[in-house]
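Engineer: I would like to see how this sequence folds:
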Amino acid sequence: MPYFENDRAKLYYRVQGKRVTKAPALLFIHGWCSNADHWHEQIKHFSSQYKILSLDRRGLGRSSTPGTGHTPEQHSQDIVALLKHLKIRKVIAIGHAGGGPVTLELTRSKPNLVKACVMIDSGLYPSANLKTRKSPFAQLLGGMADRLSGPQGKKAFKGMYQGFFGPKCDKTVASSAVADAMKTPLETIIAEVDVMAVNTERMARQIKQPVLWLTANAVDQGYISKNVQNVQFAQVVGSGHFPQLEVPNQTNAAIETFLAQI
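Structural biologist: All right, here's what the predicted structure looks like:
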């Protein structure tokens, strides 16, 4: 299996597909305690037309962590280093859920590298102070951190992750994703909560590239549009928090339409 080392983290990655045209490569960035395998339906669908890079972020899936660097900035730097190593000069960044802050940071900080991005069921918030917990989002994340830090932390995590999947999701798909997530060390699970607590609103305001905001449920499009200059919206039907796994055909169609436009 291919690995790349950056800042003391050993990153698992895969390069698949082929670039039929001069289109940018597709870069898939997974969410909280997920891994690159959770994009398999998208990789299968797009591999005949695009070069595709998927990876396990530091400390998640098959990648190691030195116990530090669980921030959007460091995850983004890991990806930039890997892209440079692979000589990939232009990408469409596609991020899911807890990988959203990483996707936004990469898109914001590297406009010459990231041509556009796709956000899949990811939120947009001002920073969430987990100490004062004054905002609803800070209260949500803080409550998660409390449960994860308790004596039944791993059990609490399993319950959270099982709740991500909708009632119509194939039970085999959901149970496999939960089993993958449960392999994540508890300290890394907790550290990755901080990734979601950053000010994604501020990141988004600096992004000028085209953005597709794809969700499983209705969102406040007016709020997102005020913070993202060039955004389009799509909503899938019958999915929980993992549209790419639960309704891959709808997810792929939305991404494909977006790619055709840019």
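Engineer: Of all residues in this structure, which one is nearest the centre?
Structural biologist: Nearest to the geometric centre of the chain sits G99, at 2.6 Å (Cα atoms, centre = their mean).
Engineer: wouldn't it be in contact with S34 here?
Structural biologist: Yes. Using Cβ atoms under 8 Å, G99 is in contact with S34, at 7.4 Å. In short, each C-beta sits where N, CA and C put it, glycine included.
Engineer: which stretches of this structure form strands?
Structural biologist: 3-6, 9-17, 25-29, 51-55, 91-96, 114-120, 211-215, 231-235 (DSSP state E).
Engineer: Which among these is found nearest to H38?
Structural biologist: The closest of the strands of the chain to H38 is strand 91-96. By Cβ to Cβ, the value is 7.6 Å.
Engineer: quick one: strands adjacent to that closest one?
Structural biologist: strand 25-29 (parallel), strand 114-120 (parallel) (DSSP bridges).
Engineer: in terms of contact, does V102 touch H75 like I think?
Structural biologist: Yes. Look at V102 against H75 with Cβ under 8 Å: they come within range, at 4.3 Å.
Engineer: overlap in contacts of those two?
Structural biologist: Counting by Cβ atoms under 8 Å, 6 or more residues apart in numbering, the shared contacts of V102 and H75 are 57, 195.
Engineer: How about N252: what's its closest non-neighbour residue?
Structural biologist: In this structure, N252 finds its nearest non-sequential neighbour in H45, 4.5 Å apart by Cβ to Cβ, 6 or more residues apart in numbering.
Engineer: what does R89 give?
Structural biologist: Per Cβ to Cβ, 6+ apart, closest to R89 is L113, 7.1 Å.
Engineer: what's the answer for M182, then?
Structural biologist: K158 is the one closest to M182 (Cβ to Cβ, 6+ apart), at 6.1 Å.
Engineer: A145 now?
Structural biologist: Using Cβ to Cβ, 6+ apart, the closest residue to A145 is V193 (5.2 Å).
Engineer: okay, that neighbour: pLDDT?
Structural biologist: Listed pLDDT for V193 reads 97.
Engineer: ok, how many other residues are close to it?
Structural biologist: 19 (other Cβ atoms under 10 Å).
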